[in-house]
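Novice: generate a structure from the sequence data that follows.
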Amino acid sequence: MNQEFDFIAVGDTVTDAFIRISQASVMSTESPDGTISEELCLVNGTKIPYDFATVLAGVGNAANASVAASRLGLKTGLVTDIGGDDYGAEMRASLEQKGVDTTFVRSHPDKLSNYHYVLWHNAERTILIKHEEYPYAIPAAIGKPRWLYFSSVGDHSLPYHEEIAAYLEANPEVKLAFQPGTYQIKLGKEALAKLYAHTEIFFCNVEEARLILGVTEPDPAKLPKMVSAIGPKISVITDGPKGAYAYDTATDTTFFMPTYPDPKPPYERTGAGDACASTITVALALGLPLATALQWGPINSMSVVQYIGAQEGLLSREALEKYLADRPADYEARVIPG
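Specialist: Just a heads-up that it's a prediction; the model follows:
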């Protein structure tokens with residue numbers, strides 16, 4: 001059984017409650033280095049109407065990646081922890097309905113399941129997060145999947161990272177895709193040095209890359225190579241609607257990848273990064289070159305942001321390849337000289 005997995009995602013799974021709000025405002029501020037940040041503003045100490053709420057079970061970075069990989073045709077499993085409550089049961093059922101093997105989904109009767117709140121204003125979202133403290137461990141029966149996709153876990157997880165690094169050291173044929181979450185970034189690159197050293201491909205956005213590296217580098221095209229200097233063979237840094245940058249250590253090449261044109265304005269942006277990262281990883285798992293894999297990712301991101309949540313818009317391989325065939329002439333990974 002172990003050898004039949006192409007892709008196993010590892011990370012926390014959550015239920016997301018999307019709360020659509022109109023009576024809010026956004027305040028923009030500029031830092032000394034020119035970085036623009038935005039804050040969602042609500043009137044304090046009053047009742048604020050919301051438009052509607054939508055609850056989605058079995059989501060989160062790793063869960064989203066596992067659903068993306070399954071929908072694109074890979075044999076996919078998920079290593080995650082859930083509580084012994086109704087939310088946990090709903091998570092497992094949702095994942096199974098979407099073709100994800102839940103053999104390694106561990107239920108803890110004495111724990112609650114992760115539950116997050118998504119404040120959704122215009123097309124953007126602000127997420128209130130809380131990760132329950134689970135006894136993280138890599139199952140002995142996981143075997144040797146072709147790819148391990150590791151993403152967001154709680155802030156008590158440093159030993160888990162060390163265990164995964166040791167697993168990769170013992171199983172060098174298993175390739176790691178690493179998409180760190182909030183707490184993993186806070187742990188720092190020094191604490192996760194062994195994991196970075198075993199990373200085949202790494203994903204984060206521009207702001208996260210600067211935090212990881214402790215730099216204020218204004219040119220996003222330089223960040224992937226800087227990240228690869230701490231270990232990853234390939235680093236992909238996304239820059240929202242501006243596109244993404246990637247660096248491949250094997251060829252000493254930096255790429256720029258534009259976004260795929262939206263058929264209509266994005267409806268809700270949750271999961272765009274997950275869709276891009278996991279889809280690029282799937283393309284590499286299928287044996288495609290990096291330049292082609294970079295074309296795959298933004299197509300799934302484009303589709304995801306047309307729906308609520310990170311999974312409904314994930315494409316089948318047939319649908320994705322149709323978009324690729326119909327792509328604009330300038331939709332390609334471009335080599336950045338230098």
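Novice: can we go C-alpha only for contacts and neighbour counts from here?
Specialist: OK.
Novice: what segments of this structure are helices?
Specialist: 61-71, 86-97, 158-170, 182-187, 193-197, 206-213, 223-228, 272-285, 290-304, 317-325 (DSSP state H).
Novice: and for the last one, what are the contacting residues?
Specialist: With contacts defined as Cα atoms under 8 Å, 6 or more residues apart in numbering, helix 317-325 is touched by 71-73, 295-296, 299-300.
Novice: same deal with the first one?
Specialist: If you take Cα under 8 Å, 6+ apart as the criterion, helix 61-71 is touched by 7-13, 75-78, 95, 98-100, 149-152, 271, 274-275, 277-279, 282, 310-311, 314-317.
Novice: T126 pairs with what?
Specialist: Beta-bridge pairing for T126 (DSSP bridges): L119.
Novice: neighbours of it, how many?
Specialist: 14 (other Cα atoms under 10 Å).
Novice: pretty sure it contacts L119?
Specialist: Yes: counting by Cα atoms under 8 Å, L119 is a contact partner of T126 at 5.1 Å.
Novice: strands along the stretch 1-150 of the chain, start to end?
Specialist: Counting by DSSP state E, counting those that start in this stretch, the stretch 1-150 of the chain has strands at residues 7-10, 14-20, 25-30, 36-41, 52-59, 76-83, 105-108, 114-121, 124-128, 147-150.
Novice: show me the one of these that comes nearest K242.
Specialist: strand 36-41 (14.4 Å; Cα to Cα).
Novice: using CSV, list the CA coordinates for that closest one.
Specialist: Extracted in CSV, the C-alpha atoms of strand 36-41 (Å, rounded to 0.1, in the frame of the first residue of the first chain):
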residue,chain,number,x,y,z
ILE,A,36,2.0,48.9,1.6
SER,A,37,0.0,47.2,4.3
GLU,A,38,-3.8,47.2,4.7
GLU,A,39,-5.9,46.9,7.9
LEU,A,40,-9.5,45.8,8.0
CYS,A,41,-11.4,48.3,10.2
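Novice: and the contacts of it?
Specialist: 24-31, 126.
Novice: same question, stretch 96-109
Specialist: 66-67, 70-71, 75-85, 88, 92, 95, 139, 142.
Novice: can I get it as CSV, trimmed to CA atoms?
Specialist: What follows is stretch 96-109, C-alpha atoms only, in CSV (Å, rounded to 0.1, in the frame of the first residue of the first chain):
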residue,chain,number,x,y,z
GLU,A,96,-13.1,11.2,1.5
GLN,A,97,-15.8,12.6,-0.8
LYS,A,98,-13.1,14.5,-2.7
GLY,A,99,-10.9,11.4,-3.3
VAL,A,100,-8.3,11.9,-0.5
ASP,A,101,-7.2,8.8,1.3
THR,A,102,-7.8,9.4,5.1
THR,A,103,-5.8,6.4,6.4
PHE,A,104,-3.4,8.8,8.1
VAL,A,105,-6.1,11.2,9.5
ARG,A,106,-5.9,10.7,13.3
SER,A,107,-8.8,11.4,15.5
HIS,A,108,-8.3,12.4,19.2
PRO,A,109,-11.3,11.9,21.4
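Novice: list the contacts for S94?
Specialist: Neighbours of S94 in contact, by Cα under 8 Å, 6+ apart: 57-58.
Novice: can you tell me how far it is from G58?
Specialist: 6 Å (Cα to Cα, to the nearest Å).
Novice: with F255 instead?
Specialist: In terms of Cα to Cα, F255 sits 33 Å off from G58.
Novice: could you list the buried residues of stretch 134-148?
Specialist: 134, 136, 142, 144-148 (16 or more other Cα atoms under 10 Å).
Novice: my read: Y245 touches T259, true?
Specialist: No: if you go by Cα under 8 Å, Y245 and T259 don't touch, sitting 11.0 Å apart.
Novice: hang on, the earlier thing: which of the contacts of strand 36-41 are buried?
Specialist: For those, buried by 16+ other Cα under 10 Å: none.
Novice: need the max-distance pair from those.
Specialist: Taking Cα to Cα, no two of the contacts of strand 36-41 sit farther apart than A24 and S31, at 22.8 Å.
Novice: let me see the backbone angles for the nearest residue to Y183 once chain neighbours are set aside.
Specialist: By the measure of Cα to Cα, 6 or more residues apart in numbering, the closest residue to Y183 outside its immediate chain neighbours is D155, 5.1 Å from it. D155 adopts backbone torsions of phi -80, psi 0, taken as degrees, to the nearest 10.
Novice: quick one: low-confidence ranges for the stretch 51-200 of the chain?
Specialist: In the predicted model of the stretch 51-200 of the chain, no residue satisfies pLDDT under 70.
Novice: quick one: contacts for the residue lying closest to T182 once chain neighbours are set aside?
Specialist: Closest residue in space to T182, ignoring its immediate chain neighbours: S152 at 7.1 Å, by Cα to Cα, 6+ apart. Applying Cα under 8 Å, 6+ apart, we find S152 in contact with 11-12, 60-62, 179-184.
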